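Peer 1: please work out how this folds:
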Amino acid sequence: MKTPPNQTAFESAPSKRDYTPGTLPKRINTVTADVLAGLLESKTLKGLESVFKQNTTRLGAFIHRLERDYGWHIDRKDFAAGTSDGRIAHPSAYWLPQATIAQALEAGAREWVDSVKVARAERRKQAGKCKSDAAKINARKHFKNLDPRQEDLWRAA
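Peer 2: Numbering: from 1, shown residues only. A predicted model of the protein is given here:
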């Protein structure tokens with residue numbers, strides 16, 4: 001059996017595509033807002049890059065939320081990437097069509113994107129305190145419900 005040729009078009013009717021922008025999230029200091037702001041700035045987002053830029057390992061979950069809850073039509077494409085352990089992984093890249101970006105910017109999204117950048121910068125100023133608070137919480141609560149047979153794995157005896 002022969003392998004069918006690769007298709008160059010992924011949509012059956014690309015001329016009928018809906019490029020209407022979705023709604024903008026009301027909370028602007030969230031990862032969801034940061035992801036959408038990046039997409040509205042014509043950026044192509046990839047999972048590993050989002051770890052450092054949006055501080056999340058779950059980019060796909062935020063893309064799904066933007067599509068489901070806010071009505072955005074986000075394009076994606078899987079690509080091959082060689083890994084340091086000798087495998088080929090197939091992560092995804094996400095972007096908004098230029099027509100969608102243009103409509104969103106005409107409707108006032110530029111001010112929203114700028115406000116997201118300011119809000120996220122303010123939130124990042126709290127990172128040190130949040131890391132300290134998290135360490136304190138983990139020191140108190142993390143070990144209470146552990147199996148006593150595994151205590152040596154988690155605590156110095």
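
Peer 1: which residues in this protein form strands?
Peer 2: Under the criterion DSSP state E, the chain contains strands at 45-46, 75-78, 81-82, 88-89, 92-95.

Peer 1: okay, now the nearest residue to Phe79 once chain neighbours are set aside: neighbour count?
Peer 2: Nearest residue to Phe79, sequence neighbours excluded (C-beta to C-beta, 6 or more residues apart in numbering): Ala93, at 6.1 Å. In short, each C-beta sits where N, CA and C put it, glycine included. The tally of other residues near Ala93 (other C-beta atoms under 10 Å) stands at 15.

Peer 1: just want the most central residue of the chain.
Peer 2: For the chain, the residue nearest the mean C-alpha position is Leu59 (2.7 Å; C-alpha atoms, centre = their mean).

Peer 1: and that one, how far is that from Glu41?
Peer 2: Counting by C-beta to C-beta, to the nearest Å, the separation of Leu59 from Glu41 is 16 Å.

Peer 1: go on, Glu111?
Peer 2: For Glu111, the distance to Glu41 - C-beta to C-beta - is 13 Å.

Peer 1: tell me how many other residues crowd Arg58.
Peer 2: Neighbour count for Arg58, taken as other C-beta under 10 Å: 14.

Peer 1: list phi and psi for it.
Peer 2: phi -120, psi 50 (degrees, to the nearest 10).

Peer 1: dump the residue contacts of it.
Peer 2: Residues near Arg58 by C-beta atoms under 8 Å, 6 or more residues apart in numbering: none.
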